[in-house]
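K.L.:
Sequence plus the predicted model coming up.
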Amino acid sequence: MNDRGYSNSMLLAITCYNCRHQIERVLAKVKEREDWFKEIIVVDNRSADDTAEVAEAAISSLQFDRARVQVNPRNSGLGGSHKFIFDYASNKGNFSHVVILHGDDQADISDLKSIFPLSAPDKSFLGSRFLPESKLSGYSKFRIFGNRVFNALFSLALGSKVQDLGSGLNVFSREIFTKNYVFMCPNDLTFNCWLLIFIIKNSHYSYFPISWRETDQTSNVRLFSQSFRTLKLVLGLRFSSKWFRRKTAEHLKDRTTYSWIQN
């Protein structure tokens, strides 16, 4: 911990899929705070556009000292990207925390300032768009309403206040990224909901307010199918522990190699 209150033993992973129009803006903001992190990785999930190339060019032009681009060996979904990142963090470097920032420029890396100094090495910090201090810009009332409904349903099912099922800025402690919790979750966009369940049940965490904006982003979420899967999860969690255990076992059984580590 340094005298400005942050620990530069953190790994920052910027997850990307088709973010060519936003990734340079994200990296410009990160550059101003590069010394917060021990290492920075832009994780491209096999984008259909040239996100990886744009990120490489931005890293070069902005003259980063500790950033690089890593392309997943296959498109593995949001959950799969986390699995690659957590596997890397578990096996390389003495990282205290893994920070996940989405590369679509909806969340703002500067919001991490509100959690410095990190109060405990075993504590995770989850960004919330819905705390009183949070700031939303361009986010539709319909989506805000839907998020609040699901937050309430998960709060009821888990017996703990859920402030956000999954935002674009989160800080995970070693207690999370060195254990198997991530591999108990699916690779699709419900990944954050599943991981949140394990965090609430097994670890030390708190929410912090973040800024969130929608401008030129193109969402990868299919709203109704995503809502259906999320509803199915919360109902299974609330009314069928057998279903939840079976799905967790399926996810673990389906575990394949999620490794970038080179011998």
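P.N.:
Yep, it's here.
K.L.:
alpha carbons only for contacts and neighbour counts from here, please
P.N.:
OK.
K.L.:
Stretch 117-128: which residues count as buried?
P.N.:
By neighbour count, with 16 or more other CA atoms under 10 Å as the criterion, the buried positions of stretch 117-128 are 118, 122-128.
K.L.:
what ranges do the helices span in this protein?
P.N.:
With DSSP state H as the criterion, the chain has helices at 23-31, 51-61, 77-91, 141-158, 174-177, 191-202, 223-239, 241-253.
K.L.:
Which of those helices sits closest to residue 183?
P.N.:
Smallest distance to residue 183 across those (CA to CA): 5.6 Å, for helix 241-253.
K.L.:
Need the residues that contact the closest one.
P.N.:
Contacts with helix 241-253, where a contact means CA atoms under 8 Å, 6 or more residues apart in numbering, come from 183-186, 233, 236-237.
K.L.:
Ok, stretch 72-90 next?
P.N.:
Residues from elsewhere that reach stretch 72-90, judged by CA under 8 Å, 6+ apart: 11, 13, 15, 43-47, 95, 98, 174, 177-178, 182-183, 185-189, 191-192, 258-261.
K.L.:
starting at the chain centroid, how far to it?
P.N.:
What separates the centre of stretch 72-90 from the centre of its chain is 11 Å, taken as CA atoms, centre = their mean, to the nearest Å.
K.L.:
buried residues in it?
P.N.:
Burial within stretch 72-90, assessed by neighbour count using 16+ other CA under 10 Å, is assigned to 72, 76-90.
K.L.:
Out of the helices and strands in this structure, which is least certain?
P.N.:
Among the secondary structure pieces of the chain, namely its helices and strands, helix 223-239 has the lowest mean (mean pLDDT, DSSP states H and E), a mean of 87.
K.L.:
Can you check what angle separates it from helix 141-158?
P.N.:
Direction vectors for helix 223-239 and helix 141-158, defined by axes from the mean of the first three to the mean of the last three CA atoms, to 10 degrees, enclose an angle of 20 degrees.
K.L.:
Pick out the most distant pair among the buried residues of stretch 117-128.
P.N.:
Maximum pairwise distance in those, criterion CA to CA, is 19.5 Å, between 122 and 128.
K.L.:
quick one on the thing from earlier: now do the least confident helix or strand of the chain: distance to the chain's middle.
P.N.:
For helix 223-239, the gap between its own C-alpha mean and the chain's C-alpha mean amounts to 20 Å (CA atoms, centre = their mean).
K.L.:
44 is where my numbering starts, stick with that
P.N.:
Let's use 44 as the start, then, which means that last one is helix 266-282.
K.L.:
now the residue nearest to residue 215 when sequence neighbours are not counted: how far from residue 144?
P.N.:
Excluding the flanking residues, the one nearest residue 215 by CA to CA, 6 or more residues apart in numbering is residue 167, at 4.6 Å. Counting by CA to CA, to the nearest Å, the gap between residue 167 and residue 144 amounts to 14 Å.
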